[in-house]
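Q: I would like to see how this sequence folds:
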Amino acid sequence: MTIFGKRIVEDFVLRHAQSRSPFTKWLSEIEAASPANHNELKQLFPLADYVGNKRYVFNVGGNSYRLAAIAEFVEGVLFVRWCGTHAEYSKIKDCSTL
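A: Numbers count the residues shown, from 1 in each chain. Sure thing, here's the model as predicted:
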């Protein structure tokens, strides 16, 4: 998939150096993937949650980090909308609007 919004991840990693390895791994895995639909994405990333409005929340680094993105399967594009710690994610009321 083509990833837009990598700057969001890069900015987060600059503030949280320990997250560099997990996010680097996640980015390489998602860029190598080409899921054509929801079911294929869930096969590749079984812990990804669909939260509505084309948005998915990915667990990154085990249970430490979350990343919210919009998936456009037909175009093969993923738009990163937000990333943060698990604790920061817990404060978000509605991820479908990110």
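Q: could you pull out the helices for this protein?
A: Using DSSP state H, the helices found in the chain span residues 6-15, 20-32, 38-44, 86-90.
Q: quick check: buried residues in the third one?
A: Buried residues in helix 38-44, counting neighbours by 16 or more other CB atoms under 10 Å, are found at Leu41. All C-beta atoms are positioned from the backbone trio N, CA, C, and that covers glycine.
Q: cool, and the shortest one?
A: Residues of helix 86-90 classed as buried under the neighbour-count rule (16+ other CB under 10 Å) are Tyr89.
Q: skipping its backbone neighbours, what lies nearest His83 in space?
A: I think there's a mix-up here, since residue 83 is Cys and not His. Once flanking residues are discounted, Cys83 sits nearest to Leu67: 4.2 Å by CB to CB, 6 or more residues apart in numbering.
Q: please read off the pLDDT at that neighbour from the model.
A: Looking at Leu67, its pLDDT reads 97.
Q: pLDDT weak spots in the protein?
A: Nowhere does the chain drop to pLDDT under 70.
Q: list the contacts of the residue most central in space within the chain.
A: Per CA atoms, centre = their mean, the C-alpha nearest to the average position across the chain is that of Leu67, at 3.6 Å. Contact analysis of Leu67 by CB atoms under 8 Å, 6 or more residues apart in numbering lists 9, 23, 26, 57-58, 60, 80, 82-83.
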